[in-house]
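Asks: Can you look at this prediction? I've put the sequence above it.
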Protein chains: 2
Amino acid sequence: MLSQTSKKQILQSKNKIKHVMNKGMNQYIALCGGVGGAKLALGLDHVLQQEQLNIVVNTADDFQHLGFYISPDIDTLLYTLSGTNNKEQGWGRADESWNFMAACKTLGIESWFQLGDRDLATHVFRTQGYKQGLTLSEITKKIAQQLQIKSRIIPMSDDPVSTIVNTDIGKLTFQEYFVKHACSPRVSGIEFENIDKATVATEFDNVLNEESLNAIILCPSNPFLSIDPILSLHNVRKRLKDINVPVIVISPIVNGLAMKGPTVKIMQELDMACDVVTIANFYADIADGMIIDNQDAEFIKAIEATGLKTHTDNIIMNTLQDKINLAEAVIGFSKTL
Amino acid sequence: MLSQTSKKQILQSKNKIKHVMNKGMNQYIALCGGVGGAKLALGLDHVLQQEQLNIVVNTADDFQHLGFYISPDIDTLLYTLSGTNNKEQGWGRADESWNFMAACKTLGIESWFQLGDRDLATHVFRTQGYKQGLTLSEITKKIAQQLQIKSRIIPMSDDPVSTIVNTDIGKLTFQEYFVKHACSPRVSGIEFENIDKATVATEFDNVLNEESLNAIILCPSNPFLSIDPILSLHNVRKRLKDINVPVIVISPIVNGLAMKGPTVKIMQELDMACDVVTIANFYADIADGMIIDNQDAEFIKAIEATGLKTHTDNIIMNTLQDKINLAEAVIGFSKTL
């Protein structure tokens, strides 16, 4: 165990490095959803200073289950940034146990959505918060404070929005598609229910107007399921298009494969080419630059033809150091745009 | 799916079987609350046949906590009769884990009331049931069916009643007194909030009117906190007084000590003598017989002076065999009255 003095020295030297790195404390926005996005968010959280990073999170996967309000993408970030996530499993909490689920099965309670015993506390906290009349932003801030998270986690909206996946077996809510049916139905389209009635969360709105805003980062999340709900909120796509700071995309696809989840499967089902150029086209109207993996260097010309500058790097984030390296590359690249 | 005709046939044949099964199948009622009462209920459950035992349970300890509807005395019975109770700890569930509670503490969620991970499933089931408009009786029956419990567990009422303990530190709800303050405040009185508005549960009412009713057993539960709420429901004390079947009390006190919980402490604080005669007097107007421990044989005369017949036995229930023996003694004694 480190002595208090050594801890302090490390902290001081860390702060010094950060101070030099982040002179002027500029703000960054990262649009994020899912596990892939959270990996880069963790890298950015390490590289940037306290409250310099504003992670705007997809909430269209949120749903109510067994009386609990569940925000899967926010929870993934809360757990990832507090170091309480399950690194082996890739989702949920570390040191998790499943005795609640086991008892649910005995009682005949529906058990297709896995709720870990520790994870449940987060849902209870959120559900109680809603009952007390708090917004999702307020609830999320309280949880983040308790978990001593230094970046801001901001729900895209405090109003309910629900992703509906149109499939060959009918319309499914996101969790039905993603968890209950394990992404197996064929997707023919994606809708965001109530998106027209939803308002951008105040903190998201504020930071978009922030003079000290330095860059907007589109994390390597699923573009259609995680980022598109955020962009589809009233005026967001237009504001990102018009904004005078660089908007950078990090490709969720490497060598034709998704880093995580059903991105490629959905692209195939929607008759899209499964490569980084499709991603570039999807974001071309709002983005200024794109980071792709070294393996996809052959696509640089095609991407630059869409109007995006490119940077190639290793974007596969297995270790914490990979995440920090990519975060540093993102910040570095943003300064060139 | 079954046709309406087949369903009807099955129902008719089921009813016929039941009719045959329950021919002569005398019914028993046990009034019960807490861990002490559940011990005898388990003995009776072993000794009596399927659906022959109707355990009417105190619900005045019920409360809402973290959004869950919790019925501690019903849960104790559900776990005890299904063999899923924690025998070492004396409350809660076997093979329990506490990761939900640990995560609650990290989030700053109030944690004075212990909710085990497996236990939570019961509260979720009940809370969902209430949201669907079911009564506590209906919910309890469903849980008991899932846990394959052979006796009927009947809440005393489907209306909310709350025990309020008047103490030297003010009025406390039962769980505040019992759990949060670990029974340490000095008790000056006990009230049952909303008792006047509460109706006896239909099944309790029905079995009290049942021609095949053989006896009513007052379990060795706390008379003031567990049994008195049941007796205080509209007309119950009078109906037990007037009923033409034996009413038998099993003493919750042995040699001046309570088998479990704060019975003796409360008796001292309410200036009562801490012996079986006080218990006899408390039930004298409704009971016909009382079972006391062999150690209390010296009080037989004093008890019989209150009008109760007595039977002495070993009433301390450590093992399952102790519980079965006492249950057999209760049934045997009831036939002599």
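Replies: Yes, it's here.
Asks: Every contact and neighbour count from this point should use C-alpha atoms.
Replies: Will do.
Asks: hey, where'd the helices end up in the stretch 1-150 of chain A?
Replies: A:4-21, A:34-47, A:72-81, A:99-107, A:117-131, A:136-146 (DSSP state H, counting those that start in this stretch).
Asks: Quick one: mean pLDDT over the longest one.
Replies: Confidence for helix A:4-21, expressed as mean pLDDT, is 44.
Asks: Likewise for the shortest one?
Replies: Across helix A:99-107, the average pLDDT comes to 97.
Asks: Around chain B, which positions in the stretch 151-300 of chain A sit nearby?
Replies: Within the stretch 151-300 of chain A, no position is adjacent to chain B by CA under 8 Å from any CA of the partner chain.
Asks: Residues contacting whichever strand or helix holds A:I230, please?
Replies: Using DSSP states H and E, A:I230 maps to helix A:228-232. In this structure, residues lying in contact with helix A:228-232 by CA atoms under 8 Å, 6 or more residues apart in numbering or on different chains are A:31, A:57-58, A:60, A:156, A:163, A:192, A:195, A:236-237.
Asks: before we move on, back to that, may I see the helices of the stretch 1-150 of chain A arranged in JSON lines, with distance to A:P220 and mean neighbour count as well?
Replies: Converted to JSON lines, those look like this (distance: least, CA to CA, whole Å; neighbours: other CA atoms under 10 Å in any protein chain shown):
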{"stretch": "helix A:4-21", "distance to A:P220": "24", "mean neighbour count": "12"}
{"stretch": "helix A:34-47", "distance to A:P220": "5", "mean neighbour count": "25"}
{"stretch": "helix A:72-81", "distance to A:P220": "14", "mean neighbour count": "24"}
{"stretch": "helix A:99-107", "distance to A:P220": "31", "mean neighbour count": "19"}
{"stretch": "helix A:117-131", "distance to A:P220": "25", "mean neighbour count": "21"}
{"stretch": "helix A:136-146", "distance to A:P220": "22", "mean neighbour count": "19"}
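Asks: Same list (those helices) but as TSV, adding distance to B:R126.
Replies: Output for those, formatted as TSV (distance: least, CA to CA, whole Å):
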stretch	distance to B:R126
helix A:4-21	48
helix A:34-47	32
helix A:72-81	25
helix A:99-107	11
helix A:117-131	16
helix A:136-146	26
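Asks: before we move on, the earlier item: which one of the contacts of helix A:228-232 is nearest B:N281?
Replies: A:A60 (64.3 Å; CA to CA).
Asks: Look up the closest residue to A:K150, ignoring the ones flanking it.
Replies: Nearest residue to A:K150 in three dimensions, chain neighbours excluded: A:Q50, at 4.8 Å (CA to CA, 6 or more residues apart in numbering or on different chains).
Asks: Thought A:Q148 was touching that neighbour, still the case?
Replies: No. The criterion here is CA atoms under 8 Å, and A:Q50 misses it with A:Q148 at 10.5 Å.
Asks: Break down the stretch 151-300 of chain A into its strands, ranges please.
Replies: For the stretch 151-300 of chain A, strands defined by DSSP state E, counting those that start in this stretch occupy the ranges A:152-155, A:162-167, A:170-173, A:187-193, A:213-218, A:247-250, A:253-254, A:257-258, A:289-293.
Asks: Compare these and say which comes out lowest on pLDDT.
Replies: strand A:257-258 (a mean of 83).
Asks: Tell me where the model's unsure across the stretch 1-150 of chain A.
Replies: A:1-24 (pLDDT under 70).
Asks: Which of the helices of the stretch 1-150 of chain A sits closest to A:V187?
Replies: That would be helix A:34-47 among these, by CA to CA, at 18.6 Å.
Asks: So which elements touch the closest one?
Replies: Counting contacts by 3 or more CA pairs under 8 Å, 6 or more residues apart in numbering or on different chains; DSSP states H and E, helix A:34-47 is packed against strand A:27-32, strand A:53-57, helix A:72-81, helix A:320-336.
Asks: mind checking which of those is nearest B:A258?
Replies: Per CA to CA, nearest to B:A258 of the helices and strands packed on helix A:34-47: helix A:72-81, 47.3 Å.
Asks: what residues does that closest one touch?
Replies: Counting by CA under 8 Å, 6+ apart, A:33-35, A:38-39, A:41-42, A:45, A:57-59, A:61-62, A:85, A:91-93, A:122, A:140, A:143-144, A:147, A:149, A:153, A:155 sit against helix A:72-81.
Asks: mind checking how far that helix is from the chain centre?
Replies: 8 Å (CA atoms, centre = their mean, to the nearest Å).
Asks: And stretch A:152-166, by the same measure?
Replies: That offset, for stretch A:152-166, works out to 12 Å (CA atoms, centre = their mean).
Asks: now swap in stretch A:293-306 and tell me
Replies: 24 Å.
Asks: quick one: A:V56 from B:Q321, how far?
Replies: Taking CA to CA, to the nearest Å as the measure, A:V56 falls 62 Å from B:Q321.
Asks: out of those two, which sits in the busier spot?
Replies: A:V56 (24 against 12; other CA atoms under 10 Å in any protein chain shown).
Asks: What's the local residue count around the nearest residue to A:L270 once chain neighbours are set aside?
Replies: What sits nearest to A:L270 in space, not counting adjacent residues and going by CA to CA, 6+ apart, is A:S188, at 6.2 Å. Neighbourhood size, A:S188 [other CA under 10 Å]: 15.
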